[in-house]
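Can you look at this prediction? I've put the sequence above it.
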Amino acid sequence: MDMKFSAEAEAFRDEVGNFVADNLPDDIRHKVAQEEMILPREMMVRWHKILGQKGWSCPSWPKTHGGAGWSDEQHYLFEREIALSDAPRPIPYGVVMLAPCLLEFGTQAQQEKFLPGILSGDELWCQGFSEPNAGSDLASLQCRAVAEGDSYIINGSKTWTSEAHIADGMFGLFRTDSSGRKQQGITFLMIDMKTPGISVTPLMTFEGTHEVNQVFFDNVRVPFANRIGEENQGWSIAKYLLGLERFGTAEVGRSLASLARLKKLAAALAVDEGRLSDDPDFMSEVARAEIALRALEVTEQRFLFGPGGSDAMGAEASMLKIRGTEIQQDILELTHQALGYAGQRGQDSRPVLQIAGITSGKAAMAHFNFRKTSIYAGSNEIQKTIIAKAVLGL
Amino acid sequence: MDFTFTEEQQLFRNSTRRFLDEQYAFEKRAGILEQPHGYQESHWQNFAELGWLAMPFAEQYDGLGGSPIETMILMEEMGRSLLTSPYLATVVLGGEIVAAAGSEEQKSALLPQVGAGELKLALAFAEQGGGYDLTQIRLRATKNETGYLLEGSKTTVFHAGVADKIIVAARNAGRAGEREGVSLFLLDPDAAGLQARSYRTQDGGSASDLEFKAVQVPEEALLGQEGQGFVPLQWVIAKAAVALCAEAVGTMWAISEQSGDFLRTREQFGQKLGSFQALQHRLVDVYMKCQLSQSLVYDAVCGLDQEADQQGGKPFGPELMRKICAAKYQVGLDARSVGQEGIQFHGAMGMMTELPIGHYYKRITAINSTFGDPRFHLRRYRELMRQDQDKAA
């Protein structure tokens, strides 16, 4: 048992850190450091292309398709350094989710058609899974795709669709058969967002951001060639996709960066005669969060670098998502609380109050916005049920 | 980075578990607790043969040269099996303080005997009213022509009632609260003027309160250098705190597994208890706490392992101290919660002395009030965090 990284791995980590320090544009770093999870398209693509010049934009892909061919240690350290440096998260839907499905289940023609745009960053995707009546119970989805000639005709809607308003394409799950079990009869399709019949309605989250949308389909024609896998086999592809993420789901690096910001803020905030960092009650909360984060960090490392390596990780990964989101929410809430009265200021209120790099309205927004993390990508309750069944045999 | 155990470590865990499963099955516990001082003295030689008593000591003292990882493995298994014995007192406290503070001569004389199972030790450090702060030592050591005169008292000296030698932390200079002026003495339990009152503890163990009334010890009784006792004492207690965290994690996994077994088999309302989501999610919380606590123990153990070569010589860095405080805080908190949940899962049966669950909980409670409770360690962690931040600023 040895918790040190090899000299080789440390050199790689430094290479990543130095590259980001030298190449991450300030305006992008600033937005990420304000805890904005979803960046404007232009920023996402700009950073993706900077990474691409180094061959690092889609590192987890096979080398033959433009991936980096890294070891588990390298993947881990890359994600961590990127997060610690306040560089943007990888483009989630195309790079992290759709591409592996294309590589595993897609035809060669599909791979040749869709992968280059994802690799270059010129084509952004969104994910059409959730529906108004299919949230945690994803398999009960009803948005219909009916075969007609060489195409499917889609009618219905998808909701909570992040980035649908900036995406070029949507991959998603559609109902092609309702006669059997609900998991059967689901088909995985890729849709050009410019296809006639698609309309995107913004949904505003309560902190005042437009990240998610409802997408309506009115006789939208999707060629058979855009189907991944066989008809009615979509559920197994979705399950593959949901089990993909092994590196970074706990967002430990992000939380470490957020925690460092919180400590700086506490040291700078004047309270009574001293600073907030003199307040033992508040600092006990910070200490508690820091310890919880360390426990999570080592747990993630144990799962990745324990017996069997990352391949041995099963439903245990769910606990990384649960604790990762809980701790992240905790730190961002503490940051907002630290501001006291100043935390009440609206996002556009003037004068803007900025202390140790934390802006009043932004801290509130981050606190509120990150309430989503324990809900999205399989709510934390769903994750607990997965552990109960798969790990504990209940 | 690698979290796998070596083959030797795996074999060590297997042999330890096999012995404990055979000899310390829960059905035997009541009988063992009825023995004097609550443990099976006839097994002490088995402990020596299994390598437990010589594990952490250097080979030049007939030790096995084991690292904190081996101690962790052993303590986890002992926690799982609810072993009561003078192991902690003799090896983790007594033997380790000799190794950390003793002269070459003292180490050569004592450690081989400890490893062979011929010598039991106890470490007297805590004092009534001193809380968990190791600097709160009032027991006075006054130098005179024949050596030192010890005056004062010690409390909760684990297994002092069976110790062949007692090591006592005394103050030859300065006042309570100071690190300087602490000396360690090695003495016989039957030294004139030393009164011991032994009692049983809540977890089935045994401890003593010691009264030193003009106890005269010779100069050779000094363990190491006069006034240099605090650093080794702090080092040994820190290591012992991590060992207790490992023991706690052993109890936590056992509670988690036993609760899982119960929920998977017990039926109410015509279905298994484990089919109720209210209980499923709570067992998942227990499972996660086991994992997270395990991680913090690994973190502290690897930290100890890296600094092991400077054993007792100089104070270890604040970074390691933080890892230890983090573990003792979080493991204590989580073990308490897991113990309470374990009782609750078992319903009224959970209150019965015939079930292990309450016994685990009592041990966890004792662990939490040894070497600092979660509140104490959170405060220390916070102070270390503050120092770190001040240094950075």
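Good, I have the coordinates.

can you give me the helices in the chain?
You didn't say which chain, so I picked chain A. Here chain A has its helices, by DSSP state H, at A:7-23, A:26-33, A:41-53, A:72-84, A:99-105, A:108-120, A:234-242, A:252-268, A:280-305, A:317-338, A:360-369, A:380-390.

Let me rephrase: I mean chain B.
Under DSSP H, chain B gives helices at B:7-23, B:29-33, B:44-49, B:68-81, B:87, B:96-101, B:104-115, B:230-265, B:277-307, B:318-345, B:356-368, B:374-392.

could the helices of chain A go into JSON lines alongside mean pLDDT, distance to chain B and mean neighbour count?
(C-beta placed from N, C-alpha, C; glycine too.) Output for these, formatted as JSON lines (pLDDT from 0 to 100; distance: least, Cβ to the nearest Cβ, whole Å; neighbours: other Cβ atoms under 10 Å in any protein chain shown):
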{"stretch": "helix A:7-23", "mean pLDDT": "97", "distance to chain B": "8", "mean neighbour count": "14"}
{"stretch": "helix A:26-33", "mean pLDDT": "97", "distance to chain B": "18", "mean neighbour count": "16"}
{"stretch": "helix A:41-53", "mean pLDDT": "97", "distance to chain B": "24", "mean neighbour count": "18"}
{"stretch": "helix A:72-84", "mean pLDDT": "95", "distance to chain B": "7", "mean neighbour count": "21"}
{"stretch": "helix A:99-105", "mean pLDDT": "96", "distance to chain B": "25", "mean neighbour count": "19"}
{"stretch": "helix A:108-120", "mean pLDDT": "97", "distance to chain B": "30", "mean neighbour count": "16"}
{"stretch": "helix A:234-242", "mean pLDDT": "92", "distance to chain B": "18", "mean neighbour count": "19"}
{"stretch": "helix A:252-268", "mean pLDDT": "97", "distance to chain B": "6", "mean neighbour count": "21"}
{"stretch": "helix A:280-305", "mean pLDDT": "97", "distance to chain B": "4", "mean neighbour count": "21"}
{"stretch": "helix A:317-338", "mean pLDDT": "96", "distance to chain B": "5", "mean neighbour count": "23"}
{"stretch": "helix A:360-369", "mean pLDDT": "94", "distance to chain B": "20", "mean neighbour count": "22"}
{"stretch": "helix A:380-390", "mean pLDDT": "95", "distance to chain B": "4", "mean neighbour count": "19"}
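
Adding distance to A:Ala139 as columns, could you present the ones you listed in JSON lines?
Converted to JSON lines, those look like this (distance: least, Cβ to Cβ, whole Å):
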{"stretch": "helix A:7-23", "distance to A:Ala139": "39"}
{"stretch": "helix A:26-33", "distance to A:Ala139": "35"}
{"stretch": "helix A:41-53", "distance to A:Ala139": "31"}
{"stretch": "helix A:72-84", "distance to A:Ala139": "30"}
{"stretch": "helix A:99-105", "distance to A:Ala139": "17"}
{"stretch": "helix A:108-120", "distance to A:Ala139": "24"}
{"stretch": "helix A:234-242", "distance to A:Ala139": "7"}
{"stretch": "helix A:252-268", "distance to A:Ala139": "31"}
{"stretch": "helix A:280-305", "distance to A:Ala139": "27"}
{"stretch": "helix A:317-338", "distance to A:Ala139": "18"}
{"stretch": "helix A:360-369", "distance to A:Ala139": "28"}
{"stretch": "helix A:380-390", "distance to A:Ala139": "12"}
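
So for A:Ile28, which of the helices of chain B sits nearest?
Among the helices of chain B, helix B:374-392 comes nearest to A:Ile28, with 26.0 Å by Cβ to Cβ.

Can you point out the buried residues in the closest one?
B:374, B:376-386, B:389 (16 or more other Cβ atoms under 10 Å in any protein chain shown).

Repeat that for stretch B:22-35.
So for stretch B:22-35, counting by 16+ other Cβ under 10 Å, buried means B:Tyr24, B:Arg29, B:Ile32, B:Leu33.

Contact partners for the first one?
Think B:Tyr24. The contact partners of B:Tyr24, by Cβ atoms under 8 Å, 6 or more residues apart in numbering or on different chains, come to B:Ile32, B:Ser81, B:Leu82, B:Leu83.

Considering those residues, which is situated nearest to A:Phe305?
For the contacts of B:Tyr24, the nearest to A:Phe305 is B:Ser81 (28.8 Å; Cβ to Cβ).

Quantify the burial of the closest one by counting its neighbouring residues.
By the criterion of other Cβ atoms under 10 Å in any protein chain shown, B:Ser81 has 22 neighbours.

In contact with the closest residue to B:Gly260 other than its chain neighbours, which residues are there?
Spatial nearest neighbour of B:Gly260, excluding adjacent residues (Cβ to Cβ, 6 or more residues apart in numbering or on different chains): A:Leu392 at 5.5 Å. For A:Leu392, the contacting residues are B:Gly260, B:Gly274, B:Gln280, B:Leu283, B:Val284, B:Tyr287, by Cβ under 8 Å, 6+ apart.

switch the cut-off to 10 Å
A:315, A:384, B:256-257, B:259-260, B:263-264, B:274, B:280, B:283-284, B:286-287 (Cβ atoms under 10 Å, 6 or more residues apart in numbering or on different chains).
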